[in-house]
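Trainee: model the structure of this input:
(one chain, ligands or ions: 1)
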Amino acid sequence: AEEIEWWDFDAQDELVDQLAGDIKFIIESALDARGQALVAFPGGSTPAPIFAKLAESSIRWKNVTIIPTDDRLVPVDNPLSNVAMIAKAFLPLGARVLPLNSEAEDYKLAGSAANARLQDLQWPPDLIWLGMGKDGHTASIFPGPDLDEAMTAGDDIRAVGVAPDPLPPEAPVNRVTLTASAIASAKTTLVVCNGAEKKAVLDQAIEEGAKSAYPIGKVLAKIPVPVDIYWLDN
Ligand SMILES: O=C(O)[C@H](O)[C@@H](O)[C@H](O)[C@H](O)COP(=O)(O)O
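Mentor: Here you go, the predicted structure:
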């Protein structure tokens, strides 16, 4: 990243208020400028309170398209589905929510189907919000066999299918994920993470940059704009 700005929080509600306010500002600036906005939100356990706060805000959601940064290859009625979590929060407000995953059995096919779908969108996204795992993964760019493809896919490849090895215990399924070049194309990127363990990983990843074994380090090194990191010390 051109520059990294850290925002440290001691209390979750402070982080939620600040982050929801900043995301609202980014979306409304895009709506004022282009009449529409495209944003990518992560899955996992961190987003729920922030989604709830965003859902309370007076954003003109009907002109907003939301895609997941990545998704687990499960049907939308599966509790592991990221798009289901996003749809539950924002569809009732009139936002357009586009799934990354499809019925494709094979994760590679699912990746190409997701990539084809993203080609129809007004690119690049106004905002990409990244989460991070303790292993340094972000979106579904994991350390391991598919890391290279997700990191080196050309600018025209916006999503790929990945088969993390080992499968992440919190959601042991194959995935589709935005590629590093797609993430690096965003107008604004922010990272949200919590806890001392993740902070240590993130500090090391940022220091090591493109050489890092941590995917978040490689991805952040590709981003040409300043990145804000919201960290909750809990
Ligand atoms: O589908 C996913 O799993 C996510 O998009 C993933 O990248 C997530 O952001 C991290 O795993 C952090 O997850 P937590 O918020 O649960 O710590």
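
Trainee: for whichever helix in the chain runs longest, packing partners?
Mentor: In the chain, assigned by DSSP state H, the helix with the most residues is helix 12-34. Contacts defined by 3 or more CB pairs under 8 Å, 6 or more residues apart in numbering; DSSP states H and E place helix 12-34 against strand 4-9, strand 37-41, helix 48-56, strand 127-130, strand 189-194, strand 227-232. Backbone N, C-alpha and C define where each C-beta goes, glycine included.

Trainee: can you redo these as JSON lines with distance to the ligand and mean neighbour count?
Mentor: Formatted as JSON lines, these follow (distance: least, CB to the nearest ligand atom, whole Å; neighbours: other CB atoms under 10 Å):
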{"stretch": "strand 4-9", "distance to the ligand": "15", "mean neighbour count": "14"}
{"stretch": "strand 37-41", "distance to the ligand": "9", "mean neighbour count": "25"}
{"stretch": "helix 48-56", "distance to the ligand": "9", "mean neighbour count": "16"}
{"stretch": "strand 127-130", "distance to the ligand": "7", "mean neighbour count": "25"}
{"stretch": "strand 189-194", "distance to the ligand": "7", "mean neighbour count": "22"}
{"stretch": "strand 227-232", "distance to the ligand": "11", "mean neighbour count": "20"}
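
Trainee: quick one: contacts for the residue of the chain at minimum distance from the ligand?
Mentor: Closest to the ligand within the chain is residue 131: 2.1 Å, counting by CB to the nearest ligand atom. Contact partners of residue 131, counting by CB atoms under 8 Å, 6 or more residues apart in numbering, are 42-44, 46-47, 69, 138-139, 191-193.

Trainee: can you do 6 Å?
Mentor: Going by CB atoms under 6 Å, 6 or more residues apart in numbering, residue 131 touches 42, 44, 46.

Trainee: could you do residue 180 as well?
Mentor: So residue 180 contacts 151, 219, 222 (CB under 6 Å, 6+ apart).

Trainee: repeat the analysis, applying 10 Å as the threshold.
Mentor: Contact analysis of residue 180 by CB atoms under 10 Å, 6 or more residues apart in numbering lists 138-139, 141, 147, 149-153, 157, 160, 215, 218-223.

Trainee: just checking: which of the residues you listed also lie near the ligand?
Mentor: By CB under 6 Å from any ligand atom, the members of the contacts of residue 180 lying near the ligand are 138-139.

Trainee: which of the contacts of residue 180 fall within helices?
Mentor: 147, 149-152, 215, 218-222.

Trainee: avg pLDDT for stretch 3-17?
Mentor: Taken as a whole, stretch 3-17 has a mean pLDDT of 95.

Trainee: list the buried ones in stretch 210-225?
Mentor: Residues of stretch 210-225 classed as buried: 212, 214-223 (neighbour count, 16 or more other CB atoms under 10 Å).

Trainee: excluding chain neighbours, what is closest to the residue of the chain closest to the ligand?
Mentor: residue 42 (3.8 Å; CB to CB, 6 or more residues apart in numbering).

Trainee: residues contacting that neighbour?
Mentor: 50, 68-70, 82, 85-86, 128-132, 138-140, 191-192.

Trainee: neighbours around residue 92, how many?
Mentor: Residues within reach of residue 92, counting by other CB atoms under 10 Å, total 10.

Trainee: quick check, it in a strand?
Mentor: No - Residue 92 is assigned helix when assessed by DSSP: H, G, I helix; E, B strand; the rest coil, not a strand.

Trainee: is it true that it touches residue 61?
Mentor: Yes - Residue 92 lies in contact with residue 61 (CB atoms under 10 Å); the separation is 9.1 Å.
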